[in-house]
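# Predicted model follows, preceded by the sequence.
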Amino acid sequence: MIDSFFDSILSNPSYLAVSIVVITLLAFSVVKKLFKLVSLGLTLYLIYCLYLVFTGQPVPTFESLYSDFKLQEEKLSDTIEENIINPMKEKKETIENNINLLK
């Protein structure tokens, strides 16, 4: 079905031209939205840095941000393991034991 669709587009030059225009417009739209998101992110970061400078707080470096994210990631993975994975393992063992008892 898809092969016949692509074959019909490739066989007819007018369909091919329209397809190229649509793909170009879609690509341009995606790039434009990404540019807006990046611009917004950089603007917010700049405002945050200016706020820190005006309040006399130190501006964080990328190394300190990275180490903070790593620390938060470790805490989060420990919490997930303690609260989700370990109880699931215990329930799995209980279920397996109950199944073995039924056999």
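Noted; the coordinates are in hand.
# Which neighbouring elements make contact with the lengthiest helix in the chain?
Of all the elements of type helix in the chain, the one with the most residues (DSSP state H) is helix 13-55. Using 3 or more CB pairs under 8 Å, 6 or more residues apart in numbering; DSSP states H and E, the elements in contact with helix 13-55 are helix 2-11. The C-beta positions use only the backbone N, C-alpha and C, and glycine is treated the same way.
# now for the helix it packs on, which elements pack on it?
Counting by 3+ CB pairs under 8 Å, 6+ apart, helix 2-11 packs on helix 13-55.
# Tell me the helix or strand right after the helix it packs on.
Sequence order places helix 62-80 as the next helix or strand after helix 13-55, per DSSP states H and E.
# which residues sit against that next one?
residue 60 (CB atoms under 8 Å, 6 or more residues apart in numbering).
# Distance from the helix or strand that comes right after that helix to the middle of the chain?
Next in sequence after helix 62-80, counting helices and strands by DSSP H and E, comes helix 86-102. How far helix 86-102 lies from its chain's middle: 34 Å, per CA atoms, centre = their mean, to the nearest Å.
# what's the answer for stretch 28-46, then?
Distance, centroid of stretch 28-46 to centroid of chain: 16 Å (CA atoms, centre = their mean).
# what does the domain assignment say about this structure?
1-59, 61-103 (automatic domain parsing).
# Switch those over to JSON lines; also include mean neighbour count and mean pLDDT.
Formatted as JSON lines, these follow (neighbours: other CB atoms under 10 Å; pLDDT from 0 to 100):
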{"stretch": "domain 1-59", "mean neighbour count": "10", "mean pLDDT": "90"}
{"stretch": "domain 61-103", "mean neighbour count": "10", "mean pLDDT": "91"}
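# Quick check: residue 43 vs residue 54, distance?
Note on residue 43: its distance to residue 54, by CB to CB, to the nearest Å, is 16 Å.
# do residue 8 as well
Residue 8 is 62 Å from residue 54, by CB to CB.
# Equivalent analysis for residue 30, please.
The gap separating residue 30 from residue 54 is 36 Å, by CB to CB.
# Also residue 88?
Counting by CB to CB, the gap from residue 88 to residue 54 is 48 Å.
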